[in-house]
Each structure stands twice: as C-alpha cells, then as structure tokens.
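1. I'd like to go over a predicted model; first the sequence, then the structure.
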Amino acid sequence: MRLLLTLVLLILGNYTVVAYGNPAVVADDDINTVTATPADTQWMLEAVALSGQSIEAGGGPFGAIVVSKEGKVIGRGYNRVAIDHDPTAHGEVTAIRDAAKNTNAFDLEGAALYTSTYPCPMCFSAAHWANIGHIYYANTAADVSPEFDDAALWHKIQVLNAEGTSQCTTGLTSVPGAHAEAKRVFDQWVAQVRSGAVQHYNPSDLSKF
C-alpha cells in the first residue's frame with residue numbers, strides 16, 4: 001500500500017486534490033479547463049452503457065473506453081474485480097489493458113479515457129503511465145459515496161504530496177451530458193446491494209495500512 005501511495009505521489013507531483021464533494025485534480029496550468037463537447041457526451045454514454053453491462057455480469061458499476069487521437073475506440077472495459085477476484089481490475093484499468101492489447105503498444109499517446117465515474121488514484125496513475133492525454137468522467141466521487149469512497153486515500157496522497165516536484169500532463173474533465181444516465185445506472189446497482197442481491201464491501205478503512 002505504501003508503494004502505491006508513493007507511485008501516485010510521484011505521478012501527481014504538484015497536483016492537489018481539492019473539494020472531494022465536487023472533486024477535481026488541478027494544477028498550475030488549470031488541468032480542468034477543457035469543456036466537454038457533444039462528441040464527448042456520446043463517447044461517455046458508451047462508457048456508461050458498459051457500466052450497466054458490468055452490473056449484469058456481476059461486476060462493479062463502472063465502465064470505460066479508450067478513444068484514439070484519430071477518434072476510434074481502441075479499448076473497452078468494465079469493472080471485473082468481483083468477477084476475476086482481481087482488486088486491480090477496475091473499469092479504467094481493464095479498458096487501458098484492452099487498448100494496449102488491441103494496438104500492440106503500451107504507449108497510448110494522444111488517446112482519451114472516458115470513464116463512467118471519477119477515477120480512483122490507481123486508475124488515474126494507470127492513465128498517466130499509458131500516456132493518455134485526457135480523462136473524462138460522468139459520476140463524481142460524491143455520486144458514488146459512501147458505497148465507494150476514495151477520500152481517505154486521496155487525503156493521504158495530498159498530505160504526502162506537500163513536497164511533490166513531478167509534473168503530470170493527464171487532464172481531467174467532467175461530462176455533464178452523461179451524468180444523469182451514469183447516476184441512474186449506479187443507483188440501479190445500489191438498489192441491488194441494499195436488497196441483498198449483490199454483496200459489496202467498501203475498502204475505505206486505511207487504518208490497517
């Protein structure tokens with residue numbers, strides 16, 4: 001766990017995690033100034049549809065796609081943590097793995113990642129290492145809390161990051177046009193959890209690390 005925190009610290013560098021209720025990762029160059037377009041909304045709705053497929057398959061309510069700089073979908077994925085018993089198989093990571101496999105390349109320079117929900121530190125880091133230029137999201141961190149709550153982890157990174165010097169070029173932008181559908185799919189999953197149809201745990205307690 002300490003290694004993960006260190007890696008994310010090195011990646012985020014001078015970035016600060018602010019206002020978790022309205023989450024954003026910002027930097028000196030105003031990383032979040034990009035405005036989502038109608039095309040971004042269409043790509044995002046495809047990622048949201050994958051989050052619904054994930055629920056049907058027994059995974060978590062998260063989906064993602066990777067779009068090349070030429071405007072072609074090169075990777076798709078959804079959360080497979082419970083399906084594969086793999087804690088790293090988040091939707092974004094699964095999509096990035098698929099894109100790398102489909103393009104036979106680990107460098108996805110110029111590509112964009114569309115994810116149904118604001119990325120966790122691991123997924124943000126994975127996008128950085130893949131050289132993905134921008135991340136778009138629909139659901140905010142507040143939308144999926146308390147079922148999924150990365151606030152404690154982001155806080156630890158923020159504290160450790162006081163002396164950060166590294167720079168990161170991965171941008172982050174919300175896509176309001178897809179938010180309602182993303183939230184509807186997530187709430188569908190929450191209803192299944194509360195009915196007992198789906199088991200869920202929230203690994204937000206970092207006291208053991």
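-> Sure, I can see it. Numbers count the residues shown, from 1 in each chain.
2. Thought Phe106 was touching Ala130, still the case?
-> Yes: shown here, Ala130 and Phe106 form a contact pair, counting by Cβ atoms under 8 Å, at 7.0 Å. No exception for glycine: its C-beta is placed from N, CA and C like everyone else's.
3. More neighbours: which of the two?
-> Using other Cβ atoms under 10 Å, the more surrounded residue of Ala130 and Phe106 is Ala130, with 25 against 12.
4. first vs last residue of stretch 109-124, how far apart are they?
-> Stretch 109-124 has its terminal residues 15 Å apart, counting by Cα to Cα, to the nearest Å.
5. Now it: average pLDDT?
-> For stretch 109-124, mean pLDDT is 93.
6. Next, His70: secondary structure please.
-> Heads up, residue 70 is Glu, not His. Taken by DSSP: H, G, I helix; E, B strand; the rest coil, the conformation at Glu70 corresponds to coil.
7. Disregarding residues adjacent in the polypeptide, which is nearest to the residue nearest to the spatial centre of the chain?
-> Among the residues of the chain, Pro119 comes closest to the average C-alpha position under Cα atoms, centre = their mean, at 2.2 Å. Setting aside the residues directly before and after it, Pro119 is nearest to Glu92 in space (Cβ to Cβ, 6 or more residues apart in numbering), at 5.6 Å.
8. quick one: that neighbour and Arg194, what's the gap?
-> The gap separating Glu92 from Arg194 is 26 Å, by Cβ to Cβ, to the nearest Å.
9. Which of those two has more residues huddled nearby?
-> Remark: of Glu92 and Arg194, Glu92 carries more neighbours, 33 against 11, as counted by other Cβ under 10 Å.
10. ranges for the helices of the chain?
-> Listed in chain order, the helices of the chain (DSSP state H) span 2-12, 38-57, 81-84, 91-103, 121-129, 151-160, 179-195.
11. possible to save those helices as JSON lines with distance to Thr173?
-> Below are the helices of the chain laid out as JSON lines (distance: least, Cβ to Cβ, whole Å):
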{"stretch": "helix 2-12", "distance to Thr173": "17"}
{"stretch": "helix 38-57", "distance to Thr173": "8"}
{"stretch": "helix 81-84", "distance to Thr173": "25"}
{"stretch": "helix 91-103", "distance to Thr173": "15"}
{"stretch": "helix 121-129", "distance to Thr173": "13"}
{"stretch": "helix 151-160", "distance to Thr173": "18"}
{"stretch": "helix 179-195", "distance to Thr173": "12"}
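12. ok, and the helix or strand in the protein with the lowest average confidence?
-> strand 16-18 (a mean of 26; mean pLDDT, DSSP states H and E).
13. residue ranges with poor pLDDT in this structure?
-> Along the chain, the parts satisfying pLDDT under 70 run over 1-33, 154-169, 199-209.
14. Overlap in contacts, Ala130 and Phe106.
-> Common contact partners of Ala130 and Phe106 (Cβ atoms under 8 Å, 6 or more residues apart in numbering): Ala100.
15. Would you enumerate the residues in contact with Ser116?
-> 44, 47-48, 50-51, 61-64, 91, 137-139, 178, 182, 185-186.
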